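Undergrad: Based on what follows, work out the 3D shape:
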Amino acid sequence: MQELRKYSYCKANIILAVIQAAVFAVCLVSGDKIYTAGECVTDLVIEGQQYWRLFTSIFLHAGFSHLGSNLLVQVLMGNAVERNLGAVRYVILYLFSGIAGNIVSVLYDYAGGINTYSVGSSGAVFGVMGALIILILRGRKKLRSGSSLLVRAGFAVFYAVYSGFRNPYTDNAAHLGGLAAGVLLGLILTIGMQEPDLQDLR
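TA: The predicted model follows:
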């Protein structure tokens, strides 16, 4: 029961994950219609001023593996982040990181003369990872002696970024933009907060 009780503090994260899965299921039925209307397309955002795509594309995924990998990281890392920030601030972190990642992606592609599209919650997930690093740094005094949590979390972020650069189809600009937004928001949203509780991280 104690293990289950901690999930009562991360309802927003679970709801966001369920929404992601539900939207993907609807997309499987509806075909390309939702993707066409909501994916983040460089020229349509900048020249067409279809700014809603910066938001809607966060909830679209290219396939099962794309969705699954994002949700896995989101659930594993996001629960601890929400438990410390609270539901409202966690949702702000998630959405703003996703939008920030898409903005960086669009600007990067536009500056390079590239018109491409992107979908996925990777920017938001990287934002969660960035905020988690801030929480660990703020709560490091509470970690047990010899804990490698900060090193492991840092390596996880590094590996995620590195893996993205090895895959030519990965939107690395969105990843880095989301990560930077997560770190910044992590610093802002934890102002005045007591030392974070990292008890469900080992």
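
Undergrad: Where do the helices of the chain begin and end?
TA: With DSSP state H as the criterion, the chain has helices at 2-5, 11-30, 33-38, 42-46, 53-56, 64-85, 87-111, 122-138, 149-166, 172-189.

Undergrad: Counting by contacts, list what the fourth one packs against.
TA: Using 3 or more CB pairs under 8 Å, 6 or more residues apart in numbering; DSSP states H and E, the elements in contact with helix 42-46 are helix 53-56, helix 87-111. C-betas here are computed from N, CA, C, even on glycine.

Undergrad: make it 10 Å
TA: Helices and strands touching helix 42-46, by 3 or more CB pairs under 10 Å, 6 or more residues apart in numbering; DSSP states H and E, are helix 53-56, helix 87-111, strand 117-118.

Undergrad: looking at these, which is closest to residue 80?
TA: Of all the helices and strands packed on helix 42-46, helix 87-111 sits nearest to residue 80, with 10.4 Å by CB to CB.

Undergrad: Go ahead and confirm residue 61 touches residue 74.
TA: No: taking CB atoms under 10 Å as the definition, residue 61 is not a contact partner of residue 74, at 11.9 Å.

Undergrad: Which residues are in contact with each of the two?
TA: 20, 121-122 (CB atoms under 10 Å, 6 or more residues apart in numbering).

Undergrad: Need the buried ones from those residues selected in ChimeraX.
TA: For the buried members of these, the matching ChimeraX selection, counting by 16 or more other CB atoms under 10 Å, is:
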select :20,121,122
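
Undergrad: what's the residue positioned nearest the centre of the chain in contact with, if anything?
TA: Geometric centre of the chain, nearest residue: residue 125, 1.6 Å, by CA atoms, centre = their mean. By CB under 10 Å, 6+ apart, the contact set of residue 125 is 58, 69-75, 77-78, 94, 97-98, 101, 160, 175, 178-179, 182.

Undergrad: hey, which helix or strand in this structure has the poorest pLDDT?
TA: When the helices and strands of the chain are compared on mean pLDDT, DSSP states H and E, helix 2-5 comes out lowest with a mean of 48.

Undergrad: Pull out the buried members of the contacts of residue 125.
TA: Buried by 16+ other CB under 10 Å: 58, 69-71, 73-75, 77-78, 94, 97-98, 101, 160, 175, 178-179, 182, out of the contacts of residue 125.
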